[in-house]
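1. What follows is a predicted protein model with its sequence.
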Amino acid sequence: MKRTLVMLLCLVSFWLAGQSVVRADTDTLRVGVSLADLGNPFFYALAQHLQDAANDQSAQPVNMTVVSSAYDLQRQQAQIRRFIDDRVDIILLSAADSTGIEPSIHQARQAGITVTAVDIDAQGADLSVTTDNVQAGMVACRYLAERMGGTGDLGILNGASVSSVTDRVAGCRAALQDYPGIRLVSDRFNAGGTFGGGLEAMTFLLSQHPSINGVFAINDPSALGAAEAATMAGREDVLITSVDGSDQVLAALAANHPNLIGTAAQSPEDMARRAIEVSLAHRANRLQSPRSIRIPTHLITRESLPVEP
């Protein structure tokens, strides 16, 4: 009888310990974040702003895990499985593949997890908060076309096949329809959204289309690589615009770089704030429409840079 009582007390103690663990987990907001490329200053800043926004807006302590998919679908699928196993409350992701990631998102939602697409749309997500990437491509290419005098050969340095990239290219193409004197000679070179990729893609572009005098790069890192390639080729006549509004491109504009002339600025801080806001509202069943949020951009040029005091 004494032995049975001891066993029962042990079982009760174990159950109580388990209950305290459950309560501790419940008292913490667990967030899993899978971004495309933490080597890209935009995504690095986005990760920091997501943490800050979650800390500011959540009534609970926040446990946030941030990983990079490197635009690898299988890698991101494994990351989401890990988030599901870890029983996170919210998943924030910039999709490595906007359509291919849908089954993994479905599994997360079946597990009761709120899934919010950030920067890149993802099919099946509960919510989506991105830059208005069509507008970004339009304003960057409209300015480029104007600076080209409405005539000449233009190339697009493309990127991964995700919504943010395809939307920017679509916006650029739409803007160019108003400039019949400009010929789009290529949009097939994938710069991978990186400096090295931009350098390589621009080198090929210049070799195959030596008459080119305008380039739209889908983000700032690839634009910086393209500008380096233009410098190495002695092509100061090639004008380049891009999307991001990064400190590196703003510094190049301030330094009167001969190739870089403008960037359509994104706001990772606004994106992070809205993404956390709607994710928390969705979990509390008080989300108001729209479930898809597009944040407008504004063009920054050398002339519009803030004046230093």
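-> That came in fine, so what should we check first?
2. what about the strands in this protein?
-> Counting by DSSP state E, one finds strands in the chain at the ranges 29-35, 62-68, 90-93, 114-118, 127-131, 152-158, 182-190, 212-217, 239-244, 260-265, 292-295, 298-301.
3. Export these as TSV, with columns for distance to Ala251, mean neighbour count and mean pLDDT.
-> Any C-beta I mention is one placed from the backbone N, CA and C, and that applies to glycine too. Shown next, in TSV, are the strands of the chain (distance: least, CB to CB, whole Å; neighbours: other CB atoms under 10 Å; pLDDT from 0 to 100):
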stretch	distance to Ala251	mean neighbour count	mean pLDDT
strand 29-35	24	24	97
strand 62-68	25	18	97
strand 90-93	29	28	98
strand 114-118	26	26	96
strand 127-131	21	24	96
strand 152-158	20	24	98
strand 182-190	25	17	96
strand 212-217	17	27	98
strand 239-244	13	28	98
strand 260-265	10	26	97
strand 292-295	24	16	94
strand 298-301	12	16	96
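4. So which of these is nearest Ala230?
-> strand 239-244 (7.2 Å; CB to CB).
5. packing partners for the closest one?
-> Counting contacts by 3 or more CB pairs under 8 Å, 6 or more residues apart in numbering; DSSP states H and E, strand 239-244 packs against helix 133-147, strand 212-217, helix 220-232, strand 260-265.
6. ranking the ones you listed by burial, who's on top?
-> Greatest average neighbour count among those goes to strand 212-217 (a mean of 27), per mean count of other CB atoms under 10 Å.
7. What helices and strands are in contact with it?
-> helix 133-147, strand 152-158, helix 195-208, helix 220-232, strand 239-244.
8. Let me have the helices and strands packed on strand 239-244 in TSV, adding distance to Asp97 as columns.
-> TSV is the format used below for the helices and strands packed on strand 239-244 (distance: least, CB to CB, whole Å):
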stretch	distance to Asp97
helix 133-147	16
strand 212-217	22
helix 220-232	19
strand 260-265	24
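9. so which of those gets nearest Tyr44?
-> helix 220-232 (11.4 Å).
10. Centre of the chain to that closest one, how far?
-> 20 Å (CA atoms, centre = their mean, to the nearest Å).
11. what does stretch 54-64 give?
-> Per CA atoms, centre = their mean, the displacement of stretch 54-64 from the mean C-alpha position of its chain is 22 Å.
12. Any buried residues in it, and which?
-> Across stretch 54-64, burial judged by 16 or more other CB atoms under 10 Å covers 54, 58, 62, 64.
13. okay, these in JSON lines with distance to Glu228 next?
-> Listed next are those as JSON lines, based on distance: CB to CB, whole Å:
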{"residue": "Ala54", "distance to Glu228": "37"}
{"residue": "Ser58", "distance to Glu228": "42"}
{"residue": "Val62", "distance to Glu228": "39"}
{"residue": "Met64", "distance to Glu228": "35"}
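14. which one of the residues you listed sits closest to Gly149?
-> Of the buried residues of stretch 54-64, the one sitting nearest to Gly149 (CB to CB) turns out to be Ala54, at 47.5 Å.
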